[in-house]
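Visitor: model this:
(chains A and B)
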Number of protein chains: 2
Amino acid sequence: MSRGSERLGRTEEEHYRERARRKKELVDRRIARATIDRGVLVVNTGNGKGKSSSGFGMLARSLGHGFRCGVVQFIKGSFSTGEDLFFRGMDGAFADRLEYHVMGEGFTWETQDRARDVAAATAAWEVAARMLADPDFDFVLLDELNIALNKDYLPLDAVLAALKTRPPRQHVVVTGRGAPDALVEAADTVTEMRLVKHAFRAGIRAQHGIEL
Amino acid sequence: MSRGSERLGRTEEEHYRERARRKKELVDRRIARATIDRGVLVVNTGNGKGKSSSGFGMLARSLGHGFRCGVVQFIKGSFSTGEDLFFRGMDGAFADRLEYHVMGEGFTWETQDRARDVAAATAAWEVAARMLADPDFDFVLLDELNIALNKDYLPLDAVLAALKTRPPRQHVVVTGRGAPDALVEAADTVTEMRLVKHAFRAGIRAQHGIEL
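Guide: Purely as a prediction, here's the structure:
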């Protein structure tokens, strides 16, 4: 590499340092203002990739910190095998502090039966509601819950009430397309995963490690 | 729950089934068209949360499938401790098939020294380039590489060339704000994590398990 300070004139180097100093001041001030510690409600929505994988990344972080964690997957199709293999496998390494439920029966266009979809979502929600009422859970991932809400398989009011009255230090991550407005309103951190492009549209099959 | 088929009239139930059937046909046709299997280049960019955590979620999936994986974190500040603790810890459970490097010295406004930033990015890139040339790596996560490119700490052409000539079955995930246009162009799957809202702006500190 031929880059480095030897290629920067003194003025440019000073300019860089001054800009970095101002940026550091700004960031430090913001950090000083952020003083509240409490459980946050994170919502990942939008049509792009990364909603669930981000949730599982936060699960990894939470396990890394020794948290007790719960996962409920509301929609389980032929997708989502890697995270299963990983988090549920590992020779039960997390058995004592990870409770992991795969509840859905597949995407709704696979089952083609609304009654079954509603029953599956309801059973999944019962597990989720128990976790949301239990202060022993530090982190709860409700994967694809948005789809169940969006399709009106579950009563939104009951879900919002359970989220609102959950233990104050408990983090919750909700993923899935089409997050209801009221859930976005209730959340602390919301990201719209916007699809810029997807390999699938170029004829590339869902790949292990990426989508599966 | 008072929902379910008993509340749906016969016509509504049939309508639901017909819509689900059409949706299934559409999805099945799309899946039938997606027949290519190869390594994909995934880029997570934008100002919202979830870029890195999604990358670590895909890392978990990849490890779940028994892949050999590499991680290079280009920018390492006081952030990002949970994924470290998790993936590098675990009593070396992945020692034989995960190579994990934390290379950056912190955000640039922390170091306030461009020469050091360039040197750190260059050292990180040397490790990354070795992985991108090695077909034994099935999955490579280049966390926050976009920032190093965006700040011109690394030559974009060299990075693009290494990505283009990598082993054909190797998956690569690049994260960070401000992905260069040419990288977006070269990628197979690109998501813009759009910030809708963030707890930090409401005065909530970065939380273990979520940001840390």
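Visitor: what's the spacing between the longest strand seen in chain A and its chain's center?
Guide: Identified as the longest strand of chain A according to DSSP state E is strand A:189-197. Mean-position distance between strand A:189-197 and its chain equals 12 Å (CA atoms, centre = their mean, to the nearest Å).
Visitor: what packs against that strand?
Guide: Other helices and strands packing on strand A:189-197, by 3 or more CB pairs under 8 Å, 6 or more residues apart in numbering or on different chains; DSSP states H and E, are strand A:41-45, helix A:51-64, strand B:189-197. C-beta coordinates here come from the backbone N, C-alpha and C atoms, glycine included.
Visitor: partner strands of that strand, parallel or antiparallel?
Guide: Strand A:189-197 has the following strand partners under DSSP bridges: strand A:41-45 (parallel), strand B:189-197 (antiparallel).
Visitor: wait, which of the helices and strands packed on strand A:189-197 is closest to A:Glu25?
Guide: strand B:189-197 (22.2 Å; CB to CB).
Visitor: and the angle from the closest one to helix A:51-64?
Guide: Angle, strand B:189-197 to helix A:51-64, by axes from the mean of the first three to the mean of the last three CA atoms, to 10 degrees: 70 degrees.
Visitor: would you mind writing the CA trace of strand B:189-197 as PDB?
Guide: The C-alpha trace of strand B:189-197 is given here as PDB (Å, rounded to 0.1, in the frame of the first residue of the first chain):
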ATOM      1  CA  THR B 189     -28.000  -9.600  -3.000                       C
ATOM      2  CA  VAL B 190     -28.100  -6.100  -1.600                       C
ATOM      3  CA  THR B 191     -30.100  -4.700   1.300                       C
ATOM      4  CA  GLU B 192     -30.400  -1.200   2.500                       C
ATOM      5  CA  MET B 193     -31.100  -1.300   6.200                       C
ATOM      6  CA  ARG B 194     -33.200   1.900   6.400                       C
ATOM      7  CA  LEU B 195     -33.400   3.500   9.800                       C
ATOM      8  CA  VAL B 196     -37.000   4.100  10.800                       C
ATOM      9  CA  LYS B 197     -36.200   4.800  14.400                       C
END
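Visitor: go through the strands paired with strand A:189-197 and name the closest to B:Leu163.
Guide: Using CB to CB, those put strand B:189-197 closest to B:Leu163, at 13.3 Å.
Visitor: neighbouring contacts of that closest one?
Guide: A:46, A:48-50, A:184, A:187-200, A:210, B:40-51, B:54, B:179, B:184 (CB atoms under 8 Å, 6 or more residues apart in numbering or on different chains).
Visitor: drop anything exposed from those.
Guide: A:46, A:48-50, A:184, A:187-200, A:210, B:40-46, B:48-51, B:54, B:179, B:184 (16 or more other CB atoms under 10 Å in any protein chain shown).
Visitor: the longest helix in chain A is where?
Guide: Criterion DSSP state H: the longest helix present in chain A is helix A:10-33.
Visitor: check which residues of that helix are buried.
Guide: Quick answer for helix A:10-33 (16+ other CB under 10 Å): A:16, A:20, A:24.
Visitor: likewise stretch A:83-98?
Guide: In stretch A:83-98, counting by 16+ other CB under 10 Å, buried: A:83-88, A:90, A:94, A:97-98.
Visitor: please name the nearest non-neighbouring residue to A:Leu142.
Guide: Distance criterion CB to CB, 6 or more residues apart in numbering or on different chains; nearest residue to A:Leu142, sequence neighbours excluded, is A:Val174 at 4.9 Å.
Visitor: still on that earlier bit, which strands and helices sit next to the longest helix of chain A?
Guide: Helix A:10-33 sits against helix B:108-111, helix B:114-132, with contacts defined as 3+ CB pairs under 8 Å, 6+ apart.
Visitor: for chain A, which spans come out with low pLDDT?
Guide: Chain A contains residues with pLDDT under 70 at A:1-10, A:77-80, A:90-92, A:104-111.
Visitor: checking A:Val173 next. Helix, strand or coil?
Guide: Three-state secondary structure (criterion: DSSP: H, G, I helix; E, B strand; the rest coil) places A:Val173 in strand.
Visitor: kindly report the same for A:Val72.
Guide: The three-state assignment at A:Val72 reads strand, by three-state DSSP.
Visitor: that one: what's it in contact with?
Guide: Contacts for A:Val72 were tallied using CB under 8 Å, 6+ apart; they are A:101, A:103, A:124, A:127-128, A:131, A:140-143, A:145.
Visitor: check A:Phe139 too.
Guide: Applying CB under 8 Å, 6+ apart to A:Phe139 gives the contacts A:58-59, A:62, A:67-70, A:170-173, B:209.
Visitor: ok, now with 7 Å
Guide: The contact partners of A:Phe139, taken as CB atoms under 7 Å, 6 or more residues apart in numbering or on different chains, are A:59, A:62, A:67, A:69, A:171, B:209.
Visitor: okay, and the closest residue to the first one other than its chain neighbours sits in which element?
Guide: Take A:Leu59 and drop its neighbours on the chain: the residue closest to it by CB to CB, 6+ apart is A:Leu141, 5.5 Å away. Per DSSP states H and E: A:Leu141 is located in strand A:139-143.
Visitor: what residue is smack in the middle of chain A?
Guide: Centroid-nearest residue in chain A, with CA atoms, centre = their mean: A:Gly55, separated by 2.7 Å.
Visitor: would you map out the domains in chain A?
Guide: Residue ranges for the domains of chain A, per automatic domain parsing: A:1-35, A:39-202.
Visitor: end-to-end on the last one?
Guide: Spelled out, that is domain A:39-202. Domain A:39-202 has an end-to-end distance of 40 Å (CA to CA, to the nearest Å).
Visitor: pull the distance from that domain to the chain's centre.
Guide: Taking CA atoms, centre = their mean, the mean C-alpha location of domain A:39-202 is offset from the chain mean by 7 Å.
Visitor: what's the residue nearest to A:Leu142 in contact with, if anything?
Guide: Here A:Val174 is in contact with A:43, A:142, A:145-146, A:183 (CB under 7 Å, 6+ apart).
Visitor: among these, which one sits closest to B:Ile36?
Guide: Distances from B:Ile36 to the contacts of A:Val174, taken by CB to CB, are shortest for A:Asn146, at 29.6 Å.
Visitor: distance of that closest one from chain B?
Guide: Going from A:Asn146 to chain B by CB to the nearest CB, to the nearest Å gives 13 Å.
Visitor: what about that residue, which helix or strand?
Guide: Going by DSSP H and E, A:Asn146 is part of helix A:145-150.
Visitor: residues in contact with that helix?
Guide: Counting by CB under 7 Å, 6+ apart, A:45, A:74-75, A:121, A:154, A:156, A:159, A:174-180, A:183 sit against helix A:145-150.
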